[in-house]
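*Asks:* got a predicted model here, sequence first, then my questions.
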Amino acid sequence: MTDKHLLILNSQQIQQKIVRIAYQVLEDNFEEEEIIIAGILPSGGRVAERLKVILDEIAPFESRLVGIELDKRSSKLEAKIYFDIEDCSNKVVILVDDVLNSGKTLAYGFGVFLDVPLKKLRTAVLIDRNHKRYPIITDFAGMALSTVLKEHVEVVLDRDGEEDAVYLK
């Protein structure tokens, strides 16, 4: 049996989706002085990096990139953060991941910020799969994709020798 790969987004389309998300973030936060872009590592971090590059070009506010490492297989929140959580106080945080599937990863991502008084917390994903087990919706999505549960969405970004793409397997 061979692995079937259906191309969903090519490199140019991925970039267009991230640019559109950046403009939506700008519209939602045009009066801010600084926002925090929190990428869920590793894949959400790569999307967050690209989002920051575009925001740095188009937005009048500063954007700061931070990383969150989550144990996605754990039954409880286990996170490593690579920043001082207090730096997020009274700021807008955009929590970024590559694919929203069940909602567990973003729910854990929310947990990182529960004890911090934020101005607002928004979510951004490249692909929203519509298979939520948790009551999570995303504020900014590059593409909503209805799939069956046995299918897998693979986001390829910044891999040596591979062109950026999103595949349905």
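*Replies:* All right, it came through fine. Numbers count the residues shown, from 1 in each chain.
*Asks:* where in the chain is pLDDT low?
*Replies:* For the chain, applying pLDDT under 70 flags the ranges 1-3.
*Asks:* what ranges do the strands span in the protein?
*Replies:* Applying DSSP state E to the chain gives strands spanning 6-9, 34-41, 62-70, 79-81, 92-100, 120-128, 140-144, 153-156, 165-168.
*Asks:* can you list the strands that the last one pairs with?
*Replies:* Neighbouring strands of strand 165-168 in its sheet, by DSSP bridges, are strand 6-9 (antiparallel), strand 153-156 (antiparallel).
*Asks:* and the strands of the chain, which is most packed in?
*Replies:* Most buried of the strands of the chain, by mean neighbour count (mean count of other C-beta atoms under 10 Å): strand 92-100, with a mean of 25. From N, CA and C alone the C-beta is placed, and that goes for glycine too.
*Asks:* neighbouring strands for that one, and are they parallel or not?
*Replies:* strand 34-41 (parallel), strand 120-128 (parallel).
*Asks:* how about those, which one is nearest residue 57?
*Replies:* strand 34-41 (14.0 Å; C-beta to C-beta).
*Asks:* and that closest one, C-alpha only, in PDB?
*Replies:* Output of strand 34-41 as PDB, limited to C-alpha atoms (Å, rounded to 0.1, in the frame of the first residue of the first chain):
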ATOM      1  CA  GLU A  34       3.100  45.800  21.000                       C
ATOM      2  CA  ILE A  35       1.700  42.300  20.500                       C
ATOM      3  CA  ILE A  36       3.100  38.900  21.500                       C
ATOM      4  CA  ILE A  37       3.100  36.200  18.900                       C
ATOM      5  CA  ALA A  38       3.300  32.800  20.700                       C
ATOM      6  CA  GLY A  39       4.200  29.900  18.500                       C
ATOM      7  CA  ILE A  40       3.500  26.400  19.600                       C
ATOM      8  CA  LEU A  41       6.800  24.600  18.800                       C
END
